[in-house]
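K.L.:
Below are the sequence and a predicted model for it; my questions follow.
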Amino acid sequence: MFSPLNSIWKATCPSSTLVRCETRPSQNGKFHGLQRPRKLQPATKLQDDVPSGKRRRKKSGSNGEDTKSMDEVQELKMTNGHTPPVTRNRHDGEITAEGPLLMITKPLPKVLVIHTGGTLGMDPHESYHSDQDGVHLREGTGGTYKGGLKPGDMLSNLLNIVPELSAFANIELNVVFNKDSTRVGPSDWIAIAKLLHANRQKYDAFLVVHGTDTMAYTASALSLLLLGFRKPIVLTGSQLPLLMPRSDARQNLIDAITCATAPHTYPYVNVQEVCVCFGGKLLRGNRAQKVNSNSYGAFESSSYPNLATLGVDVDWKSRYLLRVEGVYRPRFKLDPRVIRIPIVPGSNPELAYGDLVSRGVRGVVLETFGVGNMPDTEEDGWMTWLRNQRGENPEENQGLQIYLGSQCTNGPLHPELYKSGSLALQLGVESGPQMTPECAVVKMMMCLCYPDIPLGVPLAGEM
């Protein structure tokens, strides 16, 4: 199967692409060479678009002799090492072909798969048992994760089980760790971010295999820590292990790599952000939330439209993709001394939470009602508690930073519309457009380390 065309790229590039180029004719009508290619499209697309007409000449002058127009184009198709020319021209002021076509072979994109654990990589025989009601996780185990995973062996097994992945990209795999995602925290998010940063120039896209329980936290963290990364980082996982017969892992992996390589395949969708791909949907990572513990459609983005829906075709919503501005600015610090506090009617914050500052808490995501309302009477105690924690004014702050969010999933925040919200803002409590609770917590952790970054200003499409 050796040929001059595929000898170099055969192992890594099974697909071809047509490139349109322009030529410059001399006075005698001969072509001088090719200018820089102007546009890339798949070969099949261009073959459909360009007619296979012959050279056209137009009559001019009284003697009826044929003359060439001033601008001509040539179609060159490289087939088995041959380049037969077919010339075309601009006829009556209209371009009959945009330029010559060169059939070239280009390499598949390079994708780094980062494995962190989760259900996808569990041992199904040791982690699950079956009965008349179905398949269940063994009680008290949380699943079994094999230690000492070797990237080479795991990649080989992955491509044996899901061979379709190799049709999309040249894949390499790195095992960062292999554990339940409930054990993944800020130090792990930083480790993943540093690995992505170190390999940013080496790969075209990145796929992170992760457990579902805290995937939204990790996605939010990566989107904020790696601002301006400008390459696809797609997180995925599964509700059942890859080796189980009815697992959703196989389809999620194929969908995820489809989205990760979208900038390099037709229709060349410019994905530049951290995403979650799960259950046939591509979601913005810092807007995604796990909403179902059992369904294959476990994730939703209720505060922002899906970036793509994957079925028979991929329905891209390109207008919702993040447009990255500014330079790449990675950060690798997070302060984990942050808690979420949902306001519960009738609860006394002094009794429930007490003095947070004395216990070392430095950040609070306060989840209020509606647009930012909370109980405001002395009996309720919330305003007194806030005043004690923050001080009478921002200058007296004891080091506790508070972000005022909402228990509502959708809708704007306007705490200034209510007495309690206005008082909270006067005390220096920060607010802004709505964020998911997962993203708000992670952003608070980062802002504690980087005080120049305001909580209420969008950074990566999170609000």
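P.N.:
Yep, that arrived. Numbering: from 1, shown residues only.

K.L.:
Which stretches in the stretch 101-250 of the chain count as strands?
P.N.:
101-105, 110-117, 128-131, 134-137, 170-179, 205-209, 226-227, 233-236 (DSSP state E, counting those that start in this stretch).

K.L.:
closest to S187 out of those?
P.N.:
Using CB to CB as the measure, strand 170-179 is the one of the strands of the stretch 101-250 of the chain that comes nearest S187, at 10.6 Å. Bear in mind the C-beta positions are built from the backbone N, C-alpha and C, glycine included.

K.L.:
which of the residues in the closest one are buried?
P.N.:
171-176, 178-179 (16 or more other CB atoms under 10 Å).

K.L.:
still on that earlier bit, dump the strands of the stretch 101-250 of the chain to JSON lines, plus distance to V338 and mean pLDDT.
P.N.:
Output for those, formatted as JSON lines (distance: least, CB to CB, whole Å; pLDDT from 0 to 100):
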{"stretch": "strand 101-105", "distance to V338": "51", "mean pLDDT": "65"}
{"stretch": "strand 110-117", "distance to V338": "22", "mean pLDDT": "95"}
{"stretch": "strand 128-131", "distance to V338": "35", "mean pLDDT": "55"}
{"stretch": "strand 134-137", "distance to V338": "30", "mean pLDDT": "54"}
{"stretch": "strand 170-179", "distance to V338": "22", "mean pLDDT": "93"}
{"stretch": "strand 205-209", "distance to V338": "23", "mean pLDDT": "97"}
{"stretch": "strand 226-227", "distance to V338": "20", "mean pLDDT": "97"}
{"stretch": "strand 233-236", "distance to V338": "22", "mean pLDDT": "98"}
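
K.L.:
Surely M445 forms part of a helix?
P.N.:
Yes. When DSSP: H, G, I helix; E, B strand; the rest coil is applied, M445 is found to be in a helix.

K.L.:
can you pull the contacts of it?
P.N.:
186, 334-336, 338, 363 (CB atoms under 8 Å, 6 or more residues apart in numbering).

K.L.:
T258 - how many residues pack around it?
P.N.:
Per other CB atoms under 10 Å, the neighbour tally for T258 reads 20.

K.L.:
returning to that earlier point: taking the contacts of M445, tell me the two that lie furthest apart.
P.N.:
P186 and G363 (12.0 Å).

K.L.:
Name the residues of stretch 261-277 that are buried.
P.N.:
For stretch 261-277, by 16+ other CB under 10 Å, it's 261-265, 269, 271, 273-277.

K.L.:
what's the span of that stretch, first residue to last?
P.N.:
13 Å (CA to CA, to the nearest Å).

K.L.:
thought G372 was touching G411?
P.N.:
No. Using CB atoms under 8 Å, G372 makes no contact with G411, being 10.3 Å away.

K.L.:
Which of the two has more residues huddled nearby?
P.N.:
Between G372 and G411, counted using other CB under 10 Å, the more crowded position is G372 (26 against 11).

K.L.:
contacting residues for that one?
P.N.:
With contacts defined as CB under 8 Å, 6+ apart, G372 is in contact with 404, 406, 413-418, 421, 424, 431.

K.L.:
Restricted to buried residues, select the residues you listed in PyMOL.
P.N.:
A single PyMOL command is used to select the members of the contacts of G372 judged buried by 16+ other CB under 10 Å:
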select buried, resi 404+406+413+415+418+421+424+431
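
K.L.:
Can you list which of the contacts of G372 are found in strands?
P.N.:
404, 406 (DSSP state E).

K.L.:
Make CSV out of the contacts of G372 and add pLDDT and distance to Q201.
P.N.:
As requested, those are arranged in CSV below (pLDDT from 0 to 100; distance: CB to CB, whole Å):
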residue, pLDDT, distance to Q201
L404, 92, 40
S406, 92, 40
L413, 87, 39
H414, 90, 44
P415, 87, 44
E416, 88, 46
L417, 88, 48
Y418, 87, 50
G421, 86, 46
A424, 85, 45
S431, 87, 38
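
K.L.:
now, the most widely separated pair of the contacts of G372?
P.N.:
Checked with CB to CB, those reach their widest spread between S406 and E416, with 13.7 Å between them.

K.L.:
Let me see the ranges of the helices in this protein.
P.N.:
43-49, 124-127, 151-161, 186-198, 215-225, 249-260, 349-352, 382-390, 419-426, 437-449 (DSSP state H).

K.L.:
out of the ones you listed, deepest packed?
P.N.:
Each of the helices of the chain was scored by mean neighbour count; the highest is helix 215-225, a mean of 27, by mean count of other CB atoms under 10 Å.

K.L.:
And the average pLDDT for that helix is what?
P.N.:
Taken as a whole, helix 215-225 has a mean pLDDT of 98.

K.L.:
How about stretch 365-379?
P.N.:
On average, stretch 365-379 scores 90.

K.L.:
now stretch 346-359
P.N.:
Average pLDDT, stretch 346-359: 91.

K.L.:
if we can go back for a sec, now the buried residues of strand 170-179 as TSV including distance to K110?
P.N.:
TSV is the format used below for the buried residues of strand 170-179 (distance: CB to CB, whole Å):
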residue	distance to K110
I171	8
E172	7
L173	12
N174	13
V175	18
V176	18
N178	23
K179	27
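
K.L.:
pull the CA atoms of stretch 443-458 into CSV?
P.N.:
Extracted as CSV, the C-alpha positions of stretch 443-458 are listed here (Å, rounded to 0.1, in the frame of the first residue of the first chain):
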residue,chain,number,x,y,z
LYS,A,443,-14.0,31.2,42.2
MET,A,444,-14.1,32.3,45.8
MET,A,445,-11.1,30.0,46.5
MET,A,446,-9.2,31.6,43.7
CYS,A,447,-10.1,35.2,44.6
LEU,A,448,-8.9,34.7,48.1
CYS,A,449,-5.5,34.0,46.7
TYR,A,450,-5.7,36.8,44.1
PRO,A,451,-7.4,39.8,45.8
ASP,A,452,-7.2,41.8,42.6
ILE,A,453,-9.8,39.6,40.9
PRO,A,454,-13.4,40.6,41.8
LEU,A,455,-15.9,37.9,42.4
GLY,A,456,-18.7,39.6,40.5
VAL,A,457,-16.8,40.1,37.2
PRO,A,458,-17.0,37.4,34.5
